[in-house]
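Undergrad: Sequence and predicted structure are below.
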Amino acid sequence: MLRFRSSYVETKKALYTLVHRYQPIARSDIADIAGLTRASVSNIVKEFLRLGLVEESDKTGNGVGRKKILLRINDKSIHVIGIDIGRRNIVASIYNAGGKILRTEKRTFPDVRTLSENARDTKDILGRMLAWANSKKIRIDAIGIGVPGPVDPEKGIVRSAPHFRKSEIIDLKGEIENSYKIPTFVEKDVNAAALGEQWFGIGKRYDSFVYLLVVEGMGAGMIVDGHLYRGVHGLAGKIGRFVFPKVDNGEKICILEEFGSEISTLKIAEENAKKSGEGFLYTTMQKRQLNIDDLIEGFKTGDPAALEAVDSMVFYTAITVVNLALFLDPELIIIGGDLAGISPHFVEWVRERVRNILNGHPLPKLRVSPIYDVSISLGAATRAISEAATRKIDSPVFSS
């Protein structure tokens with residue numbers, strides 16, 4: 001059953017998000033940004049203070065006249081667990097409302113597994129993290145999970161997530177809530193990353209931006225006018241599934257992920273290494289299958305096979321950026337994924353290719369995510385913090 005919240009509750013939720021993004025911030029500045037009267041904002045802030053969601057900062061605003069009292073999030077008001085479920089790893093962290101990590105546990109696996117196997121291990125990790133939180137007298141208000149989609153963000157069901165060992169439909173929200181009786185929220189990994197950037201990263205000062213995630217697949221999380229855009233069926237941002245006709249092959253098609261993902265880059269690296277018959281990657285291949293860490297190490301050691309593969313990744317990342325720029329015209333595109341941090345010059349190489357392709361058209365700002373290694377777990381935590389705050393705001397005891 002759908003739950004309809006009052007517009008007043010939605011306004012309070014939006015103001016809580018604004019405090020998070022712009023803190024420390026004065027009531028008058030919140031009113032200006034939100035387009036509300038100062039009296040309305042003042043009444044809502046009083047409720048936030050009563051709930052303990054925000055607190056008044058010791059800092060005061062600059063300028064002439066009466067000093068402004070600034071507001072900030074009360075870090076101790078909410079605690080959540082944010083989880084990144086990948087194909088070869090699981091990362092879970094306990095976060096406070098300010099986004100600070102209090103504890104982290106990570107598991108990595110040598111091979112791609114099934115989602116159900118990773119869900120089972122996730123429950124095991126959660127059990128230990130909750131035991132630790134209990135020993136520290138920390139109450140966990142909600143759990144957020146980022147996982148490769150497609151995801152139903154309301155029901156928490158994952159349907160046939162790509163690049164796992166087999167195709168499955170998993171009621172991830174139901175499994176976790178049945179085990180631990182804690183409200184759980186599931187988000188597509190790239191959408192979670194976009195939320196993390198909006199609240200805690202370089203997206204804080206932008207009302208609209210795109211988070212481009214390049215991992216085993218490719219996806220784009222889109223923040224439009226301050227809100228996460230998921231699309232009617234939750235399919236928005238599946239850029240890796242963009243289709244193109246195969247040259248001279250009738251009506252057969254190919255998809256972008258066949259060329260621009262980490263998997264395709266590794267295939268190029270393997271082919272290059274086999275041709276050369278030498279180098280770091282070739283030697284490693286004689287022992288085991290290559291992984292993304294091998295490619296990064298090969299690049300850093302100057303292995304020609306790795307250098308050529310990364311150059312191919314730069315090219316296809318640039319093509320993706322160009323398509324996003326022409327379709328959405330965003331002010332900012334944030335690039336995330338392991339290869340985003342392969343070199344401090346990565347974004348410069350992409351920008352140069354984009355500039356050459358666009359040939360005079362306006363370029364979006366391009367940035368490598370400074371939190372790309374935790375963006376999904378932090379973003380999942382962001383969804384959980386937002387939902388936990390909304391539950392407090394929506395409490396009948398305090399509703400106006």
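TA: Sure thing, it's come through. Residues are numbered from 1 along each chain as shown.
Undergrad: for the stretch 201-350 of the chain, what are the low-confidence residue spans?
TA: Applying pLDDT under 70 to the stretch 201-350 of the chain flags residues 249-250.
Undergrad: how about the helices in it?
TA: Ranges of helices within the stretch 201-350 of the chain are 257-260, 262-276, 280-285, 292-300, 304-328, 346-358, based on DSSP state H, counting those that start in this stretch.
Undergrad: Just put the ones you listed in CSV and tack on distance to Asp124 and mean neighbour count.
TA: In this view, the C-beta of every residue, glycine as well, is placed from N, C-alpha and C. Listed next are the helices of the stretch 201-350 of the chain as CSV, based on distance: least, CB to CB, whole Å; neighbours: other CB atoms under 10 Å:
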stretch, distance to Asp124, mean neighbour count
helix 257-260, 31, 20
helix 262-276, 27, 19
helix 280-285, 31, 19
helix 292-300, 24, 19
helix 304-328, 34, 20
helix 346-358, 36, 17
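Undergrad: quick one: which of the ones you listed is nearest Ser160?
TA: Nearest of the helices of the stretch 201-350 of the chain to Ser160, taken as CB to CB: helix 257-260 at 14.9 Å.
Undergrad: Turn the helices of the stretch 201-350 of the chain into TSV, including distance to Thr114.
TA: Converted to TSV, these look like this (distance: least, CB to CB, whole Å):
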stretch	distance to Thr114
helix 257-260	20
helix 262-276	17
helix 280-285	26
helix 292-300	20
helix 304-328	27
helix 346-358	32
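Undergrad: Would you map out the domains in this protein?
TA: Split into domains by automatic domain parsing, the chain comes to 7-73, 79-201+375-393, 209-368.
Undergrad: most packed of these?
TA: Mean neighbour count (mean count of other CB atoms under 10 Å) peaks for domain 79-201+375-393 among the domains of the chain, with a mean of 21.
Undergrad: chain center to that one: distance?
TA: Averaging C-alpha positions (CA atoms, centre = their mean, to the nearest Å) puts domain 79-201+375-393 11 Å from its chain's average.
Undergrad: before we move on, what about stretch 271-287?
TA: 34 Å.
Undergrad: what's in contact with it?
TA: If you take CB atoms under 8 Å, 6 or more residues apart in numbering as the criterion, stretch 271-287 is touched by 269-270, 290, 294-295, 297-298, 301, 303-306, 308-309.
Undergrad: how close does Ile319 get to Pro362?
TA: Counting by CB to CB, to the nearest Å, the gap from Ile319 to Pro362 is 17 Å.
Undergrad: just Thr11 next, same as before
TA: 34 Å.
Undergrad: closest to Asp207 out of the helices of the stretch 201-350 of the chain?
TA: Asp207 sits nearest to helix 304-328 of all these, at 13.4 Å, using CB to CB.
Undergrad: for that closest one, packing partners?
TA: Helix 304-328 is packed against strand 209-214, strand 218-224, helix 257-260, helix 262-276, helix 280-285, helix 292-300, strand 332-336, helix 346-358, with contacts defined by 3 or more CB pairs under 8 Å, 6 or more residues apart in numbering; DSSP states H and E.
Undergrad: so which of these gets nearest Ile169?
TA: strand 218-224 (19.4 Å).
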